[in-house]
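1. From the sequence below, what's the structure:
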Amino acid sequence: MKKIILASISFMALTVLMWTSATAQQKRDKSSADDDFYENEVDNPGVWSAIVRNDKAYIQFGGFHWSSGSTFPVCELGTLPVGTPGVFVVKRDPGTVTFNGVFNNDHGHGTYVFEANSGFTSYLAQEGFKDISEELMLHLFFTNINKEYFSYMKQNGYDGITMNQLKDLAYQNVNRKVISGYMDLFKQEGYGKVSLEKIVELREHGVSPDFIASFHEMGYKDISLDLAQELQDHGVDPDFVAEMKKIGAKDITLNEAIELRDHGVSVEFVHELKELGYPGISLEKAIELVDHGVSVEFVREFRNIGFKDISLDRAQELKDHGVTAGYIKKMQDKGLKNLSLDQYIRLKDSGM
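-> Presented below is the predicted three-dimensional model:
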């Protein structure tokens, strides 16, 4: 048992090391002059770790300088070695991966060897992709880019794929399911033919077809792909917009939603102010309050020391002058009681 625990800890440490190295590695521009150096860094054999959930297995592959993950249907893995180390094999058009290792409680780890399929390499050469590196072949395997994939792309008008486009499709895991989702969305919503570069960019920024479709279902029909990408980059999702509508911003535009997010205006902030008795807060006022550092707690503290009818404009003015509830309490302890807020502002401005 101790040996198993120690082995697991060692493997986890190695996985963290590989992941850290991979994060730094993947920040490189793949179109730069060191592209060949990057592609030749794949370790084969390498190590793997896996987590099984329901009918899918997420497998993280790695070596000394890189790491990459892919999700497989469990049925594609065959019989897994549970409890006792063993072998299982996955074959796809780009090649074959032979796994050695063991699974315990839906977690597995071990080593792997990838062998490229020479027949598929010849097919790629016929399609114009010559001198395919082992690293790229492995990523074609991860993404399951096969002959049917190329056929599907041609049927949808994407023939003449370049080497750089192929790399991007493989590295960003734009598999058949992903690309089909984009194609269906583009046809249904009238986006026309979208470049592969834009599809890869959307994928890279986390803009899924479901993300765009969700906004369409909310009534936002004329969303450009650039705007969809901007929404994702700024952290504006359909849930955020829906919550803003619930608290009164029924006609909120997507650009207004982006502005609210950028200024740090949360649904909770507006909701809590309403609970304090400030209904009908405009989006502009919410942004202004946050920009001036007026929090819900700041307002609540003034109400707690007796200023029940403080307006949000007055709260903003107090914040701008550096007058807090704590400052007023301190002045009151020194005998300066029953003063107006204007008088406390003047005291603060005078440096007292």
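2. and Val52, backbone torsions?
-> phi -100, psi 130 (degrees, to the nearest 10).
3. what about the nearest residue to it once chain neighbours are set aside, neighbour count?
-> In space, and not counting its chain neighbours, Val52 is closest to Asp106: 4.3 Å by CB to CB, 6 or more residues apart in numbering. Bear in mind the C-beta positions are built from the backbone N, C-alpha and C, glycine included. Using other CB atoms under 10 Å, the number of residues around Asp106 comes to 13.
4. Distance of Asp106 relative to Lys221?
-> According to CB to CB, to the nearest Å, Asp106 and Lys221 sit 43 Å apart.
5. Going along the chain, name the strands of this structure.
-> Under the criterion DSSP state E, strands of the chain are mapped to 46-53, 56-62, 67-73, 86-92, 95-104, 107-116.
6. For the fifth one, name the packing helices and strands.
-> Contacts defined by 3 or more CB pairs under 8 Å, 6 or more residues apart in numbering; DSSP states H and E place strand 95-104 against strand 46-53, strand 86-92, strand 107-116, helix 134-143.
7. and if you look at the third one?
-> Based on contacts counted as 3+ CB pairs under 8 Å, 6+ apart, the elements that strand 67-73 packs against are helix 2-26, strand 56-62, helix 134-143.
8. which neighbours does the shortest one have in its sheet, and in what orientation?
-> Strands flanking strand 56-62 in the sheet, each with its direction: strand 46-53 (antiparallel), strand 67-73 (antiparallel) (DSSP bridges).
9. Take the ones you listed and lay them out in CSV including mean pLDDT and mean neighbour count.
-> Output for the strands paired with strand 56-62, formatted as CSV (pLDDT from 0 to 100; neighbours: other CB atoms under 10 Å):
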stretch, mean pLDDT, mean neighbour count
strand 46-53, 96, 18
strand 67-73, 93, 17
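10. of all the ones you listed, which lies closest to Lys154?
-> With CB to CB, the closest approach to Lys154 among those belongs to strand 67-73: 24.5 Å.
11. Measure how the closest one sits relative to strand 86-92, angle-wise.
-> Relative orientation of strand 67-73 versus strand 86-92 (axes from the mean of the first three to the mean of the last three CA atoms, to 10 degrees): 90 degrees.
12. okay, now Glu275: neighbour count?
-> When neighbours are defined as other CB under 10 Å, Glu275 has 10 of them.
13. From Ala170, how far out is it?
-> Counting by CB to CB, the gap from Glu275 to Ala170 is 51 Å.
14. try Asp320
-> Counting by CB to CB, the gap from Asp320 to Ala170 is 54 Å.
15. Neighbour count: those two, which is higher?
-> Using other CB under 10 Å, the more surrounded residue of Asp320 and Ala170 is Ala170, with 23 against 12.
16. Was I right to think that one contacts Asn144?
-> No: with contact defined as CB atoms under 8 Å, Ala170 does not count as touching Asn144 (9.8 Å).
17. show me where pLDDT drops low in the stretch 151-300 of the chain?
-> For the stretch 151-300 of the chain, no stretch has pLDDT under 70.
18. then stretch 113-122 to CSV, C-alphas only?
-> The C-alpha trace of stretch 113-122 is given here as CSV (Å, rounded to 0.1, in the frame of the first residue of the first chain):
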residue,chain,number,x,y,z
VAL,A,113,4.0,4.6,-26.9
PHE,A,114,2.6,6.2,-30.1
GLU,A,115,3.2,4.6,-33.5
ALA,A,116,2.2,6.7,-36.5
ASN,A,117,0.1,5.0,-39.3
SER,A,118,2.3,5.1,-42.4
GLY,A,119,-0.8,4.6,-44.6
PHE,A,120,-2.3,7.8,-43.2
THR,A,121,1.0,9.6,-43.5
SER,A,122,0.9,8.7,-47.2
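19. Report the central residue of the protein.
-> In the chain, the residue lying closest to the centroid (CA atoms, centre = their mean) is Gly206, at 5.6 Å.
20. quick one: it and Ala228, what's the gap?
-> 10 Å.
21. what do you get for Ser118?
-> Ser118 is 41 Å from Ala228, where distance means CB to CB.
22. neighbour count winner among the two?
-> Neighbours were counted for Ser118 and for Ala228 using other CB under 10 Å; Ala228 has more, 21 against 9.
23. Bridged to Phe61, which residues?
-> Phe61 has these beta-bridge partners by DSSP bridges: Trp48, Ser68.
24. Next, the contact list for it, please.
-> Gly46, Val47, Trp48, Ser67, Ser68, Gly69, Ser70, Tyr112, Leu138, Phe142 (CB atoms under 8 Å, 6 or more residues apart in numbering).
25. quick one, domains of this protein?
-> Using automatic domain parsing, the domain ranges for the chain come out as 2-142, 205-272, 297-349.
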